[in-house]
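**Student:** coords please:
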Amino acid sequence: GATLSLAADGESGIEAMRNRPADIVLMDIAMPRMDGLQATRRIKEIAPETTIIVLTCSGLAYLPFLALNGLLTSGNLFVGMMQLLPYGAGAVIGRRLFRPGREATYRKVAYWIIGLSALLGLPLWE
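**Tutor:** Numbering: from 1, shown residues only. Below you'll find the model as predicted:
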């Protein structure tokens, strides 16, 4: 099982890591009080074995900053590039399959999937 903890900003995220270290951290770059790059550096000092996944809406614009701060490795870049393949394929297939008139059907299918996974005990969130 997994346990989920939330933090509103970089400083509270660092405090949460001190109190209860995590295996994986999802980090935004643009946060109040302390940006994601500073928070990532501090978390790596506290728990160097923690995997930090950086999420941002700005995407490629932050790659040079991550690289200059030593937070972007060639392995990370390779994995990111490999993830573009299924993402791109999914976007193309989705555009071809999606019909606005079927939105209610899509929503029902999504609810069924969520309900079925809950009944089967699959973790959606905790």
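
**Student:** okay, CA-based contacts and neighbour counts for the rest of this
**Tutor:** Fine.

**Student:** the residue lying farthest from the centre of the chain and R107: what is the separation?
**Tutor:** Distance from the C-alpha centroid of the chain peaks at G101, with 31.0 Å (Cα atoms, centre = their mean). As for G101, its distance to R107 is 12 Å (criterion: Cα to Cα, to the nearest Å).

**Student:** helices and strands of the protein: which one has the lowest mean pLDDT?
**Tutor:** Across the helices and strands of the chain, mean confidence by mean pLDDT, DSSP states H and E is lowest for helix 63-68: a mean of 76.

**Student:** so after that helix, what's the next helix or strand?
**Tutor:** Note on helix 63-68: by DSSP states H and E, the next helix or strand toward the C-terminus is helix 74-97.

**Student:** if we can go back for a sec, now do the least confident helix or strand of the chain: distance to the chain's middle.
**Tutor:** Distance, stretch centre to chain centre, for helix 63-68: 18 Å (Cα atoms, centre = their mean, to the nearest Å).

**Student:** check what pLDDT the nearest residue to T51 once chain neighbours are set aside gets.
**Tutor:** In space, and not counting its chain neighbours, T51 is closest to I24: 4.8 Å by Cα to Cα, 6 or more residues apart in numbering. With respect to pLDDT, I24 scores 90.

**Student:** please enumerate the helices of the chain.
**Tutor:** Taking DSSP state H to define them, one finds helices in the chain at 10-19, 36-46, 63-68, 74-97, 103-120.

**Student:** quick one: closest of these to A30.
**Tutor:** When the helices of the chain are compared by Cα to Cα, helix 36-46 sits nearest A30, at 6.2 Å.

**Student:** in that closest one, what's buried?
**Tutor:** Neighbour-count burial for helix 36-46, with 16 or more other Cα atoms under 10 Å as criterion, is recorded at 36-37, 39-40, 42-43.

**Student:** CSV for those residues, including distance to L68?
**Tutor:** Rendered in CSV, the data for the buried residues of helix 36-46 read as follows (distance: Cα to Cα, whole Å):
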residue, distance to L68
G36, 14
L37, 11
A39, 16
T40, 14
R42, 16
I43, 18
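
**Student:** return the closest of those residues with respect to G115.
**Tutor:** Looking across these and measuring by Cα to Cα, the closest to G115 is G36, at 34.5 Å.
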